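Q: What follows is a predicted protein model with its sequence.
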Amino acid sequence: MTNEKQWPITAFRPNARVKVIKDSDWDGPWKNEFFGTIDDSPGPPEPVASGRGLPGELRYWVRFDEPQYDYNGDGPYRKAQIWDRYLIVE
């Protein structure tokens, strides 16, 4: 169930269809580009807690259409937190 009180107003909405893209500067963070859905479980997007994050950047839980491997070959994953710079809303 979506917690609308905590969901940032400017964030992508739950159940939005997204394409997860690769970074143009390195071969990651995933092996391939793929599609998924913004998930509201376990909660709303959170600020990226990393010195590499952009100001105001959020990380979202994304449920993948098909299991995926990260750039290290770990996985397969069906869901992960993805920084918004790697998401394109369909």
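A: Perfect, thanks for sending it. Numbering: from 1, shown residues only.
Q: what bridges to the residue nearest the centre of the chain?
A: The structure's the chain has its C-alpha centroid closest to residue 82; by C-alpha atoms, centre = their mean the separation is 2.5 Å. Assessed by DSSP bridges, residue 82 has beta-bridge partners residue 60.
Q: Which other helices and strands does the helix or strand of the chain with the lowest mean pLDDT contact?
A: For the chain, counting by mean pLDDT, DSSP states H and E, strand 46-47 ranks last in confidence among helices and strands (a mean of 94). Contacts defined by 3 or more C-beta pairs under 8 Å, 6 or more residues apart in numbering; DSSP states H and E place strand 46-47 against strand 58-68. Where C-beta positions appear, they are placed from N, C-alpha and C, glycine not excepted.
Q: This structure: strands as residue ranges?
A: All strands of the chain, identified by DSSP state E, fall at 17-20, 34-39, 46-47, 58-68, 77-83, 87-89.
Q: Can I get those strands in CSV including distance to residue 26?
A: As requested, those are arranged in CSV below (distance: least, C-beta to C-beta, whole Å):
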stretch, distance to residue 26
strand 17-20, 15
strand 34-39, 17
strand 46-47, 22
strand 58-68, 17
strand 77-83, 13
strand 87-89, 17
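Q: hang on, the earlier thing: OK, contacts around the residue nearest to the centre of the chain?
A: Applying C-beta atoms under 8 Å, 6 or more residues apart in numbering, we find residue 82 in contact with 20, 29, 59-62.
Q: Need the buried ones from those residues selected in ChimeraX.
A: Typed into ChimeraX, the line below selects the buried ones among those, using 16 or more other C-beta atoms under 10 Å:
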select :20,29,59,60,61,62
